[in-house]
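**Q** predicted coordinates and the sequence they were generated for:
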Amino acid sequence: MGIGGTLEFISELMSIGHKQKKRKQFQTVDLKVRMDCDGCELKVRKALSSLTGVKSVEINRKQQKVSVSGYVEANKVLKKAKSTGKKAEIWPYVPYNLVAQPYAAQAYDKRAPPGYVRKVENPTNNTSTVMTRYDQDPYITMFSDDNPNACSIM
């Protein structure tokens, strides 16, 4: 077996008792951080770059957006960003074409960057909608007096 094989065998026996550390997955965490000047940007960049596992930090001051890529956890990145004294939160916006009703009251936000709306799960209205017989069958409205385009078929 030799010395090298013996050492490997012994190290395997010793490591069986120890649990293997679970490796974090590579991910990108987007944050909304309030930054006004170059100093704020530099402070946030330094703080987030000091985290272990961070590969890159991208900052877009115009959108108040910080993207951190690496083997990190979102809650640790958020906590580190808040430790700088800046107001920080997980990026609350999604592109408006990914939302079913982008101009619903819950989703629409004036402060959102262009092309983005607030991320909401299911925008619902407080008023319940009652389904009428006209909503159920489209052929009923085709020749209805209520439909202004009904005579276009004839």
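**A** Looks like it came in fine. Nothing here was measured: the structure is a model prediction, and the numbers come from that model.

**Q** in the helix or strand T28 falls within, what counts as buried?
**A** Assessed by DSSP states H and E, T28 sits inside strand 27-33. By neighbour count, with 16 or more other C-beta atoms under 10 Å as the criterion, the buried positions of strand 27-33 are 29-33. For glycine as for every other residue, the C-beta is placed from the backbone atoms N, C-alpha and C.

**Q** after it comes which helix or strand?
**A** helix 38-49.

**Q** okay, the buried residues of strand 27-33 in TSV with pLDDT and distance to A104 next?
**A** Listed next are the buried residues of strand 27-33 as TSV, based on pLDDT from 0 to 100; distance: C-beta to C-beta, whole Å:
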residue	pLDDT	distance to A104
V29	93	27
D30	95	22
L31	95	25
K32	94	21
V33	94	27
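
**Q** tell me the one of the residues you listed nearest D109?
**A** K32 (11.2 Å; C-beta to C-beta).

**Q** contact partners for the closest one?
**A** Neighbouring residues of K32 by C-beta atoms under 8 Å, 6 or more residues apart in numbering: 64-66, 88-93.

**Q** what subset of those is buried?
**A** So, of the contacts of K32, 64-66, 88, 91, 93 end up buried under the neighbour-count rule (16+ other C-beta under 10 Å).

**Q** any stretches of this structure with poor pLDDT?
**A** Scanning the chain for pLDDT under 70 picks out 1-5, 13-23, 122-154.

**Q** quick one: the helices in it, in order.
**A** With DSSP state H as the criterion, the chain has helices at 2-16, 38-49, 74-82, 133-136, 138-142.

**Q** follow-up on the earlier one: what lines up beside the strand holding T28 in the sheet?
**A** Strand 27-33 pairs in its sheet with strand 65-70 (antiparallel), strand 88-90 (antiparallel), by DSSP bridges.

**Q** need the buried residues of strand 27-33 in TSV with distance to R45, can you?
**A** As requested, the buried residues of strand 27-33 are exported to TSV (distance: C-beta to C-beta, whole Å):
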residue	distance to R45
V29	14
D30	15
L31	12
K32	15
V33	10
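
**Q** among those residues, which one sits closest to I59?
**A** Using C-beta to C-beta, V33 comes nearest to I59 of the buried residues of strand 27-33, at 8.2 Å.
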